[in-house]
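> could you look at this predicted model? Sequence included:
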Amino acid sequence: MRAYLILALKAAVTLGLLGWLATEVDVNEVRDRLGAIGIPGAIAATLVLATLIPATAARWGVVQHAIAAPLPLATLLRLSLVGLFFNQVLPAPVGGDAMRIWGANRAGLTLGKATSGVLLERLWGLVTLVLFAAPVWPWLLPEAAPRLGFAAASSFAAVVGLAGVLVLLRLAPTAIARRMPGPVRAILDDARATAWPPGRVLAVILWSLAGHIASMAAMATLAAAMGLAIAPLAIVVVVPIALLAAVVPASFAGWGCARARW
């Protein structure tokens with residue numbers, strides 16, 4: 001019953017947000033804009049957005065190497081595509097992650113390492129997204145607001161927070177870790193492995209940045225195809241915030257939450 005209630009709530013939130021958007025925009029204009037994209041523009045945007053897949057697979061590969069459970073690049077790419085498909089068609093994004101775990105287990109990893117690798121890749125993706133969103137979200141505020149001050153403060157807080165978590169992972173007392181359940185302790189040990197050396201953390205951040213650039217470039221491509229003059233700064237601000245909103249588990253695959261931010 002609880003699962004059905006959550007499903008119904010997500011449906012209500014999704015339909016409610018999309019209905020609210022429909023009252024705020026000119027539906028006919030949206031239809032005309034979408035029709036203006038054309039086949040060449042749609043293909044170009046799809047090809048640009050497709051570069052997100054190898055970037056995600058590469059980040060996942062860094063995590064798998066860190067936890068001493070590497071997977072071939074071809075397997076990482078294939079399972080990333082499978083995960084993306086199920087994330088879009090299932091009500092919750094965990095469906096795609098579950099398929100990646102299942103596929104990694106079938107590829108030869110233990111269930112523990114497969115689960116740990118996917119969870120940590122997802123967590124690192126969220127952490128880096130927060131890092132990228134921290135300096136740009138103040139530009140959603142009115143022009144009278146001290147945007148630069150907010151950007152500096154939020155960026156500092158995000159960097160200090162990340163540094164604190166990394167230090168905590170490295171220095172966490174083993175006595176505390178021993179009291180945790182076995183699976184939790186195993187994931188904590190794997191998380192510690194992904195937090196050092198600094199070059200590994202930098203690789204995760206750079207691959208994440210490559211993925212976000214792909215999303216921004218796809219938006220810019222679609223805007224150009226529709227004849228919209230969107231400033232580059234607007235794209236840099238909107239995309240990370242929209243991606244963060246899509247993470248909120250309040251609607252189907254981010255529909256409604258992310259679109260409301262756009």
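Done, it's in. Residues are numbered from 1 along each chain as shown.
> contact partners for residue 203?
Taking C-beta atoms under 8 Å, 6 or more residues apart in numbering as the criterion, residue 203 is in contact with 59, 62. Every C-beta, even on glycine, is put in place using the N, C-alpha and C of the backbone.
> can you tell me the element it falls in?
Per DSSP states H and E: residue 203 is located in helix 198-225.
> show me how far that helix is from its chain's centre.
11 Å (C-alpha atoms, centre = their mean, to the nearest Å).
> what residues of it count as buried?
For helix 198-225, a neighbour-count test (16 or more other C-beta atoms under 10 Å) marks 200-201, 203-205, 207-208, 210-223, 225 as buried.
> setting aside sequence neighbours, what's the nearest residue to residue 54?
residue 77 (6.4 Å; C-beta to C-beta, 6 or more residues apart in numbering).
> after the helix or strand encompassing the one you found comes which helix or strand?
Residue 77 is part of helix 73-89 when elements are defined by DSSP H and E. Using DSSP H and E, the helix or strand that directly follows helix 73-89 along the chain is helix 94-106.
> which residues are contacting that following helix?
With C-beta under 8 Å, 6+ apart, helix 94-106 has contacts from 71, 75, 78-80, 82-90, 111, 113-115, 117-119, 122.
> repeat for stretch 225-237
33-34, 36-38, 40-42, 44-45, 136-137, 139-140, 216, 219-220, 223.
> just the buried ones from those residues?
Looks like the contacts of stretch 225-237 have 33, 37, 41, 44, 45, 136, 137, 139, 216, 219, 220, 223 buried, using 16+ other C-beta under 10 Å.
> the second one: helix or strand, and which one exactly?
Following DSSP H and E, the helix or strand that holds residue 37 is helix 27-50.
> how about low-confidence regions in the chain?
Counting by pLDDT under 70, the chain shows low-confidence ranges at 1-4, 6-7, 10, 21-22, 24, 89-94, 172-182, 248-262.
> now the helices for the stretch 151-262 of the chain?
Ranges of helices within the stretch 151-262 of the chain are 174-178, 182-194, 198-225, 232-247, 257-261, based on DSSP state H, counting those that start in this stretch.
> next, the angle helix 198-225 makes with the fourth one.
Counting by axes from the mean of the first three to the mean of the last three C-alpha atoms, to 10 degrees, helix 232-247 points 110 degrees away from the direction of helix 198-225.
> list the buried ones in helix 232-247?
235-247.
> got the CA positions of it in PDB?
Provided in PDB are the C-alpha atoms of helix 232-247 (Å, rounded to 0.1, in the frame of the first residue of the first chain):
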ATOM      1  CA  PRO A 232      25.600  31.400 -22.500                       C
ATOM      2  CA  LEU A 233      25.300  32.600 -18.900                       C
ATOM      3  CA  ALA A 234      21.700  31.600 -18.700                       C
ATOM      4  CA  ILE A 235      22.500  28.100 -19.900                       C
ATOM      5  CA  VAL A 236      25.300  27.800 -17.400                       C
ATOM      6  CA  VAL A 237      22.900  28.800 -14.600                       C
ATOM      7  CA  VAL A 238      19.900  26.800 -15.700                       C
ATOM      8  CA  VAL A 239      21.300  23.400 -16.500                       C
ATOM      9  CA  PRO A 240      22.900  22.500 -13.200                       C
ATOM     10  CA  ILE A 241      19.900  23.800 -11.300                       C
ATOM     11  CA  ALA A 242      17.500  21.800 -13.500                       C
ATOM     12  CA  LEU A 243      19.700  18.700 -13.100                       C
ATOM     13  CA  LEU A 244      19.600  19.100  -9.300                       C
ATOM     14  CA  ALA A 245      15.900  19.600  -9.300                       C
ATOM     15  CA  ALA A 246      15.500  16.400 -11.300                       C
ATOM     16  CA  VAL A 247      17.300  14.500  -8.500                       C
END
